[in-house]
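Undergrad: no sequence for this one, just the structure:
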């Protein structure tokens with residue numbers, strides 16, 4: 001009987017998945033560009049917050065550099081749908097090409113030269129991402145504003161102020177949306193002690209709202225000066241959730257600040273001040289979150305490694321001991337407990353010499369034959385082998401004990 005052909009072959013499934021990714025990217029690009037199109041300069045894509053660069057960079061790091069034309073398509077769609085081509089079509093297309101090339105090169109540099117983990121599992125990955133974003137955004141801002149100035153859209157007297165607004169908007173978008181998109185969907189970090197309850201998450205969200213009210217509420221709305229309360233809830237989130245939690249909290253904080261600024265109708269100078277604070281807040285909290293994530297992952301890997309090693313040692317047929325720098329027993333496997341006639345709890349902390357009367361010469365000589373004393377006074381002939389390692393807290397000695405009374409070692413040769 002002939003097998004039925006697969007109605008969804010692998011290549012067709014891959015094409016469907018690619019189309020879904022492309023459609024999702026373009027939808028998010030246009031959506032967030034439209035949502036962030038507030039207080040634009042001259043109807044252009046020069047706003048206090050600009051999420052698309054972060055979305056582009058994350059998409060290229062996750063899906064590959066072959067998708068860079070989608071960044072240009074997304075920019076053109078946004079210019080048509082959101083801004084209705086506020087500037088002449090030629091300069092607009094040329095200006096859209098600048099961030100496309102700039103952030104595609106940034107993704108290529110991060111992926112091919114630095115080879116960062118797209119999921120940002122280490123502090124080094126986050127530092128490299130932010131450093132490349134800083135340099136690239138400076139170059140992109142210069143090219144983007146330069147194109148519109150060359151086309152006569154931006155007069156010379158506005159170039160410096162508009163350049164600053166565009167650069168900091170891009171940098172905020174990169175520092176918030178790139179980590180957010182790269183860390184979404186990851187498995188939550190293992191908790192330090194107990195699982196984090198939903199009440200803790202609600203309290204953290206409420207603390208962010210409270211901090212926003214302290215900064216922008218009441219009489220301070222027109223002249224916010226106490227920005228620092230916003231650090232406290234974000235530090236709390238970072239310490240509990242790591243980079244993934246910080247990225248989500250920064251996004252929520254950004255949305256809250258946009259709403260507060262629009263309600264307060266701050267002037268351009270005050271908005272720029274808020275932008276610089278949000279950028280500083282984002283960078284500091286991202287670094288904190290990266291440190292927490294890296295430490296949690298290292299601890300989890302260490303626990304896994306210890307568990308694997310313990311499982312191997314526990315099923316080993318030979319007796320195994322580990323000794324500290326003073327020769328005291330730190331751990332013993334079940335095989336040695338049976339051989340010595342003592343429980344592991346009774347062995348830990350005792351000096352090895354109390355079990356092996358002539359252990360010291362063997363320790364200096366690298367092992368050999370000796371006797372193991374049992375609680376009933378009997379002695380078991382054993383062959384011991386030694387291994388040593390220098391750890392950060394001192395020397396570690398691993399002792400393998402072979403019972404020669406039941407299984408004599410075969411003679412050499």
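TA: Great, that's in hand. Everything numeric here is computed off the predicted structure, so don't read it as measured data.
Undergrad: how about residue 121, phi and psi?
TA: Main-chain dihedrals, residue 121, degrees, to the nearest 10: phi -90, psi 0.
Undergrad: could you do residue 348 as well?
TA: The phi/psi pair for residue 348 (degrees, to the nearest 10) is phi -60, psi 130.
Undergrad: any idea of the mean pLDDT in stretch 217-235?
TA: The average pLDDT within stretch 217-235 is 73.
Undergrad: low-confidence stretches in the stretch 1-150 of the chain?
TA: Low-confidence segments of the stretch 1-150 of the chain, defined by pLDDT under 70: 1-10.
Undergrad: switch to 90 and redo it
TA: Within the stretch 1-150 of the chain, the segments meeting pLDDT under 90 span 1-18, 38-39, 42, 48, 118-119, 121.
Undergrad: which stretches of it form helices?
TA: Counting by DSSP state H, counting those that start in this stretch, one finds helices in the stretch 1-150 of the chain at the ranges 10-35, 52-63, 68-81, 89-108, 123-150.
Undergrad: the stretch 251-400 of the chain now?
TA: Here the stretch 251-400 of the chain has its helices, by DSSP H, counting those that start in this stretch, at 268-314, 334-340, 344-347, 359-365.
Undergrad: dump these to a markdown table, plus distance to residue 211, mean neighbour count and mean pLDDT.
TA: C-beta: built from backbone N, CA, C; applies to glycine. Output for those, formatted as a markdown table (distance: least, Cβ to Cβ, whole Å; neighbours: other Cβ atoms under 10 Å; pLDDT from 0 to 100):
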| stretch | distance to residue 211 | mean neighbour count | mean pLDDT |
| --- | --- | --- | --- |
| helix 268-314 | 11 | 16 | 87 |
| helix 334-340 | 54 | 19 | 90 |
| helix 344-347 | 50 | 14 | 88 |
| helix 359-365 | 60 | 14 | 78 |
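Undergrad: in a markdown table: those helices, plus distance to residue 171.
TA: Listed next are these as a markdown table, based on distance: least, Cβ to Cβ, whole Å:
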| stretch | distance to residue 171 |
| --- | --- |
| helix 268-314 | 6 |
| helix 334-340 | 58 |
| helix 344-347 | 57 |
| helix 359-365 | 60 |
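Undergrad: and those helices: which comes nearest residue 48?
TA: helix 268-314 (5.5 Å; Cβ to Cβ).
Undergrad: can you spell out which helices and strands pack onto the closest one?
TA: Taking 3 or more Cβ pairs under 8 Å, 6 or more residues apart in numbering; DSSP states H and E as contact, the helices and strands that helix 268-314 lies on are helix 123-150, helix 159-183, helix 231-264.
Undergrad: please name whichever of those helices is nearest to residue 282.
TA: helix 159-183 (4.3 Å).
Undergrad: in the closest one, what's buried?
TA: Residues 162-163, 165-183 are the ones in helix 159-183 that count as buried (16 or more other Cβ atoms under 10 Å).
Undergrad: returning to that earlier point: let me have the helices and strands packed on helix 268-314 in a markdown table, adding distance to residue 358 as columns.
TA: Below are the helices and strands packed on helix 268-314 laid out as a markdown table (distance: least, Cβ to Cβ, whole Å):
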| stretch | distance to residue 358 |
| --- | --- |
| helix 123-150 | 50 |
| helix 159-183 | 58 |
| helix 231-264 | 52 |
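Undergrad: just these: most buried one?
TA: Greatest average neighbour count among the helices and strands packed on helix 268-314 goes to helix 159-183 (a mean of 23), per mean count of other Cβ atoms under 10 Å.
Undergrad: for that one, give the mean pLDDT please.
TA: Rounded mean pLDDT across helix 159-183 is 95.
Undergrad: following the chain onward from that helix, which element is next?
TA: Under the assignment DSSP states H and E, the closest C-terminal helix or strand after helix 159-183 is helix 198-216.
Undergrad: which residues are contacting that next one?
TA: With Cβ atoms under 8 Å, 6 or more residues apart in numbering as the test, helix 198-216 has contacts from 220, 224, 226-227, 229-230, 232-234, 236-237, 240, 249, 252-253, 256-257, 260-261, 263-264.
Undergrad: now it: buried residues?
TA: Residues of helix 198-216 classed as buried: 204, 207-208, 211-212, 214-216 (neighbour count, 16+ other Cβ under 10 Å).
Undergrad: chain center to that helix, what's the gap?
TA: Centroid displacement of helix 198-216 relative to its chain, using Cα atoms, centre = their mean, to the nearest Å, is 23 Å.
Undergrad: next one: stretch 47-60
TA: 18 Å.
Undergrad: same deal with stretch 60-74?
TA: Here the centre of stretch 60-74 is set off from its chain's centre by 22 Å, with Cα atoms, centre = their mean.
Undergrad: with stretch 115-124 instead?
TA: On Cα atoms, centre = their mean, the centre of stretch 115-124 falls 6 Å from that of its chain.
Undergrad: and it, end to end?
TA: For stretch 115-124, the first-to-last residue distance is 11 Å (Cα to Cα, to the nearest Å).
Undergrad: then stretch 145-164?
TA: For stretch 145-164, the end-to-end distance is 10 Å (Cα to Cα).
Undergrad: my guess is residue 26 contacts residue 73, does it?
TA: Yes. The criterion here is Cβ atoms under 8 Å, and residue 26 meets it with residue 73 at 6.7 Å.
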